[in-house]
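> Need coordinates for the following:
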Amino acid sequence: MTRTLLVDGNSLLSTGFHGIKNMYNGVDHIGGLYHFLNTLRKHIDSYLITKVVVFWDGKENTYPRIKLYPDYKLNRRVKSKSQDELQSYAQQKLRVQEYLEELYVRQATFDKCEADDCLGYYCEKAKDEEIIILTSDRDLLQLISNKVSLYVLSLSKLFKEGDKVPLNGVNIPSSNVRLVKTICGDSSDNIYGIKMVGVKSLIKIKPEILKEKVTLKEVIDTINSKDKLSQKEKNIVEGKTKNKEQKLNILDINYNIIGVGKQFLTKEAINGTKELAKDTIDPEGRHWKNALGLMMSDGILNILPKKDDSWVDFIRPFLRLTRIEKDFYKNKKNN
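You can find the predicted model right below:
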């Protein structure tokens, strides 16, 4: 079975870009670039990965959700970065993409589409693949299944089906992540939850959330079965949110925008994701020596441990991936 590493490109790049601020090659910051490649190689090696797919956020990627929820990620839109930061991030992203082309890594970006939705749709469409998702976005914990595991970069931990996952200080089944965020909200994406209702309050209303998959309907039915409702329970039923709005359909809206997958993808992204799942990589023009040349140019070799074969250790996982992909291409072409 194919062992696929599915990567949230912007999340991985941002982790290194913001987390390794003092890494320079003498002139340019390369913290994001180095961290991306180093993390990739470690996971290819540790989990015996045979296929790597990277999705990047496209231009105007929040557009589909903003149509449903105008305040979506408004907290991120108003935060400004300096022009130097924006330029450095863009340069490192382009450079990472150059490396990936040489190292037989599939990658794609689609306008008006978030990488999250491409990742979700890929998990749905990929056949006979054992998938590990690499991201810092805990929304994607909802994708965990019998064939999908998720490595949370910020926690340095792999979560599999059956594991409890941390959410706002409480460990719950991954199958309830979407439900909890629907009712309690998600401050990182500026999604308002129900007024006065946090994760612990929700668990008091429906304790089964800690043990098994619970649906939104089951929560509502539990509340409606009571003779007397608390203010928190009334807020859930009436759709009173933390920003003092009241919409009877707010839970339906939240549930929709917190979900990831096909519903927010363009036709181009749907078809492109399908192709990435089944296509081979043409070796024409690709070579690991080209990547080594980029490493020399970017000063990455100077960061590695001071020993003669350190560059070999660094690039070895990519060489194994290259051989696998080249063999796959030849076999499919011959058949």
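
> So what's the residue count around Pro305?
9 (other CB atoms under 10 Å). Just so you know, the C-beta spots here come from the backbone N, C-alpha and C atoms, and that holds for glycine as well.

> repeat for Asp163
15.

> Where does the prediction get shaky in the stretch 101-250 of the chain?
244, 246 (pLDDT under 70).

> Give me the distance from the helix or strand containing Leu5 to the chain's centre.
Assigned by DSSP states H and E, Leu5 belongs to strand 2-8. Taking CA atoms, centre = their mean, to the nearest Å, one finds the center of strand 2-8 at 11 Å from the center of the full chain.

> Give me the angle between the helix or strand following that strand and strand 2-8.
Note on strand 2-8: by DSSP H and E, the next helix or strand toward the C-terminus is helix 9-19. Angle between the axes of helix 9-19 and strand 2-8 is 60 degrees (criterion: axes from the mean of the first three to the mean of the last three CA atoms, to 10 degrees).

> Now do the SS call for Asp111.
The three-state assignment at Asp111 reads coil, by DSSP: H, G, I helix; E, B strand; the rest coil.

> List the buried residues for the helix ranked longest in the chain?
When the chain is parsed with DSSP state H, its longest helix is helix 310-334. Within helix 310-334, the residues that count as buried by 16 or more other CB atoms under 10 Å are 311, 314-315, 317-318, 321-322, 324-325, 328-329.

> Can you get me a residue count around Asp128?
7.

> Please point out which parts of stretch 259-272 sit buried.
Result for stretch 259-272 [16+ other CB under 10 Å]: buried residues 259-261, 264-266, 269-270, 272.

> For His76, give me its contacts.
Quick fix: residue 76 is Arg, not His. With contact taken as CB atoms under 8 Å, 6 or more residues apart in numbering, Arg76 is in contact with Asn190.

> coming back round to it: output the buried residues of stretch 259-272 as JSON lines; include the columns distance to Ile253.
As requested, the buried residues of stretch 259-272 are exported to JSON lines (distance: CB to CB, whole Å):
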{"residue": "Gly259", "distance to Ile253": "11"}
{"residue": "Val260", "distance to Ile253": "15"}
{"residue": "Gly261", "distance to Ile253": "16"}
{"residue": "Phe264", "distance to Ile253": "13"}
{"residue": "Leu265", "distance to Ile253": "19"}
{"residue": "Thr266", "distance to Ile253": "21"}
{"residue": "Ala269", "distance to Ile253": "22"}
{"residue": "Ile270", "distance to Ile253": "23"}
{"residue": "Gly272", "distance to Ile253": "28"}
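
> Sounds good, over and out.
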